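Engineer: what follows is a predicted protein model with its sequence.
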Amino acid sequence: MKQLASMLAPLRLAPTPGAKHQQASRTVRLGLLASALMGAIVCTGCGTGDPCSLRGVVKFNGELLPEGDVRLDPVNHPEAARASAHIEAGEFEISQSAGMLAGVYRVAVYAVRPTGRKVLTREALNGRKIERIIEEEQYIPERYNRRSKLHIELAPGENEKELILEE
C-alpha cells in the first residue's frame, strides 16, 4: 500500500484558493485513479495464470493416433502463448518453455494419411517439370481442428490429458 501511495504522490494537485468544488472533483478523480491502479496491481496475477506444461495422449476411434500435430490456442488469457507439438505413437509433450499459462485452451488436432493416388505437384501445374507424388488427406474431422470446440483447462505446473476423438 505504501508503494501505491508513493506512486500517487506526484499526482496530488495543490488546491487553488476559493475552489473547493474543484478540490472535491480532484479528490474524486484521484480516488478513481487509485482504485484503477489497485485493481491493475491486484489483478496482475489473476488473468495471466501461472506457467504450465502438458503431456498427453491422443486417441482417434479408440486407437492411438500414429502421427499428427496438436495445437493449443489460449481462450481466456491473450498474453499466454499458442503452443503446438508433434504427436508420435499417440503421445505429445509441450514444455513450460513454450509459454503456456494455466487456463482454458482450444485444442486442434491434425493428421494426414496417404490416399494411394499419385497427383501432380504444384510445380507441374505451373508449367515446370512434371512430378507425381502420393496424395495425402487430412482425416481428422474438422470439428477437432478447423472448427474445433474441444477445450481443456490446464492447471499451474505439469498437466496430463487424454484427448479422445471419434469420427
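Structural biologist: Noted; the coordinates are in hand. Source: prediction; values computed, not measured. Numbering: from 1, shown residues only.
Engineer: show the end-to-end separation of stretch 149-156, please.
Structural biologist: In stretch 149-156, first residue to last residue: 23 Å (C-alpha to C-alpha, to the nearest Å).
Engineer: residues making contact with that stretch?
Structural biologist: Outside stretch 149-156, the residues that touch it by C-beta atoms under 8 Å, 6 or more residues apart in numbering are 49-52, 54, 72, 75, 100, 102-109, 143-144, 161, 163. For every residue, glycine as well, the C-beta is placed using N, CA and C.
Engineer: all strands for this protein, in order.
Structural biologist: Shown for the chain, the strands assigned by DSSP state E span residues 52-60, 63-64, 67-74, 83-88, 91-94, 103-110, 112-120, 132-138, 151-154, 157-165.
Engineer: domain ranges for the protein?
Structural biologist: Per the record, the chain has its domains at 2-43, 52-165, by automatic domain parsing.
Engineer: weakest of the ones you listed in terms of mean pLDDT?
Structural biologist: Among those, domain 2-43 has the lowest mean pLDDT, at a mean of 43.
Engineer: quick one, what contacts the residue nearest to Pro66 when sequence neighbours are not counted?
Structural biologist: Take Pro66 and drop its neighbours on the chain: the residue closest to it by C-beta to C-beta, 6 or more residues apart in numbering is Ala89, 6.7 Å away. Under the criterion of C-beta under 8 Å, 6+ apart, the neighbours of Ala89 are 64, 66-67.
Engineer: before we move on, what about Ser53?
Structural biologist: Ser53 neighbours (C-beta under 8 Å, 6+ apart): 93-96, 98, 100, 157-159.
Engineer: hey, what's it bridged with?
Structural biologist: Glu158 (DSSP bridges).
Engineer: most surrounded residue in the contacts of Ser53?
Structural biologist: Of all these, the highest neighbour tally under other C-beta atoms under 10 Å goes to Met100, namely 24 neighbours.
Engineer: in this structure it contacts Ser84, no?
Structural biologist: No. The pair Met100 / Ser84 is not scored as a contact, 10.6 Å apart, by C-beta atoms under 8 Å.
Engineer: residues shared between the contacts of the two?
Structural biologist: Taking C-beta under 8 Å, 6+ apart as the criterion, Met100 and Ser84 both touch 72, 94.
Engineer: what about Glu142, distance to Ala108?
Structural biologist: 10 Å (C-beta to C-beta, to the nearest Å).
Engineer: Glu93 now?
Structural biologist: On the measure of C-beta to C-beta, Glu93 and Ala108 end up 17 Å apart.
Engineer: ok, now how distant is Ala89 from Val57?
Structural biologist: 9 Å.
Engineer: shared neighbours of the two, which are they?
Structural biologist: By C-beta under 8 Å, 6+ apart, the residues touching both Ala89 and Val57 are Leu64.
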